[in-house]
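>>> sequence unknown, structure follows:
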């Protein structure tokens, strides 16, 4: 049993290392497309931290006579470059970069929270200490990003005169709808994978909310006389971001799925922070109110997922035959 738990700890460490590889691929280029000095500086500072995170996870593996997974590192490294390509293809690169960076930090934070819990059960204090420290730095980066949401929107809108805001708003709404449709697909699948009543309840409850969110956004698009082509275009744009790379490198265990869902909530949080502010500027109070209502529910869903990390780890270990 101890050996099996140690093996799972090693897998979580290799997962953490591969995620850092993807983070480095993104952070080395992010300052060039951030569009705002404060965001660029935040990315540069976090690049230095992330280099340390990669080194720490590699050293922890080496201390266990293990090495990083070359396959996972390649997959995640390519995923990082794909993320940047996605951001560059958007008409508002700084805004998309902000939302997806917030989401990726959420993925890293969740990964280290899960890693710490596995390490505690394995009695690996060196991993507990490292995971706690790195999680704190990831959380601090998320807070810095959220402090700069106005700067991200300013940079995203810098090339658009004020009279174009009414034209841009439907595009932001369509992107939000596409994200909600992806969330629905994730949440419909999740309860079948976790085999844990508490997690099933969390996913099922938020699925109901998410379907309501998609309907609310669609109603705002109809109110603005937008046709279905806007939704199709947004779905195609979002399809350029291959979140599937995450699942290629990480098995669909309850822990990994919960961590991924937590990250996806922060993609939605970043998107609705931007949408609510754009709607305010465009004078569309109804859309702004809808965005803020949904934003509050997404934040609550993220908190609920975070509170379920202990349960997710227990279910993950049980799924591979480890009960310690």
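Received, thanks. Note that the structure is a prediction, hence the values are computed from the model and not measured.
>>> averaged pLDDT, stretch 32-45. What do you get?
When pLDDT is averaged over stretch 32-45, the result is 94.
>>> show the contacting residues for residue 35.
Residue 35 makes contacts with 93-94, 97, 152, 155-156, 158, as judged by Cβ atoms under 8 Å, 6 or more residues apart in numbering. In this view, the C-beta of every residue, glycine as well, is placed from N, C-alpha and C.
>>> phi and psi next, for it.
phi 80, psi -10 (degrees, to the nearest 10).
>>> and the gap between it and residue 208?
37 Å (Cβ to Cβ, to the nearest Å).
>>> give me the below-cutoff pLDDT ranges for this protein.
1-2, 69-92, 227-252, 323-324 (pLDDT under 70).
>>> secondary structure element holding residue 184?
Using DSSP states H and E, the element containing residue 184 is helix 165-194.
>>> what comes up buried for that helix?
Buried residues in helix 165-194, counted by 16 or more other Cβ atoms under 10 Å: 165, 168-183, 186-187, 190-191, 193-194.
>>> again with stretch 298-310
298, 301-302, 305-306, 308-309.
>>> contacts for that stretch?
106, 110, 113-114, 117, 198-199, 202, 206, 209, 255, 258-259, 261-262, 265-266, 268-269, 272.
>>> can you give the distance from it to the centre of its chain?
Computed by Cα atoms, centre = their mean, to the nearest Å, the chain-centroid distance of stretch 298-310 equals 13 Å.
>>> residue 216 against residue 294, yeah?
Yes - between residue 216 and residue 294 there is a contact at 6.7 Å, judged by Cβ atoms under 8 Å.
>>> pick out whichever of the two has more residues nearby.
residue 294 (25 against 17; other Cβ atoms under 10 Å).
>>> would you mind measuring from that one to residue 191?
Residue 294 is 22 Å from residue 191, by Cβ to Cβ.
>>> now do residue 268
Applying Cβ to Cβ to residue 268 and residue 191 gives a distance of 19 Å.
>>> residue 255 reaches residue 315, doesn't it?
Yes - counting by Cβ under 8 Å, residue 255 does reach residue 315; the two are 7.2 Å apart.
>>> look at these two and report which has more neighbours.
More neighbours surround residue 255 than the other of residue 255 and residue 315, with 30 against 21 (other Cβ under 10 Å).
>>> quick one: what helix or strand has that one in it?
Taking DSSP H and E as the criterion, residue 255 maps to helix 254-282.
>>> for that helix, which positions count as buried?
Buried-residue list, helix 254-282, by 16+ other Cβ under 10 Å: 254-280, 282.
>>> what do you get for stretch 45-57?
In stretch 45-57, counting by 16+ other Cβ under 10 Å, buried: 46-47, 49-50, 53-54, 56-57.
>>> just those residues: which are in helices?
Applying DSSP state H to the buried residues of stretch 45-57, the entries found in helices are 46-47, 49-50, 53-54, 56-57.
>>> with distance to residue 137 added, can I get those in TSV?
As requested, those are exported to TSV (distance: Cβ to Cβ, whole Å):
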residue	distance to residue 137
46	8
47	12
49	5
50	9
53	7
54	13
56	11
57	13
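>>> which one among these gets closest to residue 130?
Taking Cβ to Cβ as the measure, residue 130 lies nearest residue 56 of these, at 5.3 Å.
>>> neighbour count added to the contacts of residue 35, as JSON lines?
Formatted as JSON lines, the contacts of residue 35 follow (neighbours: other Cβ atoms under 10 Å):
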{"residue": "93", "neighbour count": "18"}
{"residue": "94", "neighbour count": "24"}
{"residue": "97", "neighbour count": "30"}
{"residue": "152", "neighbour count": "29"}
{"residue": "155", "neighbour count": "24"}
{"residue": "156", "neighbour count": "24"}
{"residue": "158", "neighbour count": "11"}
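>>> and the furthest pair within those residues?
Pairwise over these, using Cβ to Cβ, the maximum falls at 97 and 158, 13.6 Å.
>>> how many residues are close by residue 5?
Count around residue 5 with other Cβ under 10 Å applied: 20.
>>> kindly report the same for the one 4 residues further on.
Under the neighbour criterion other Cβ under 10 Å, residue 9 is assigned a count of 21.
>>> and for residue 136?
12.
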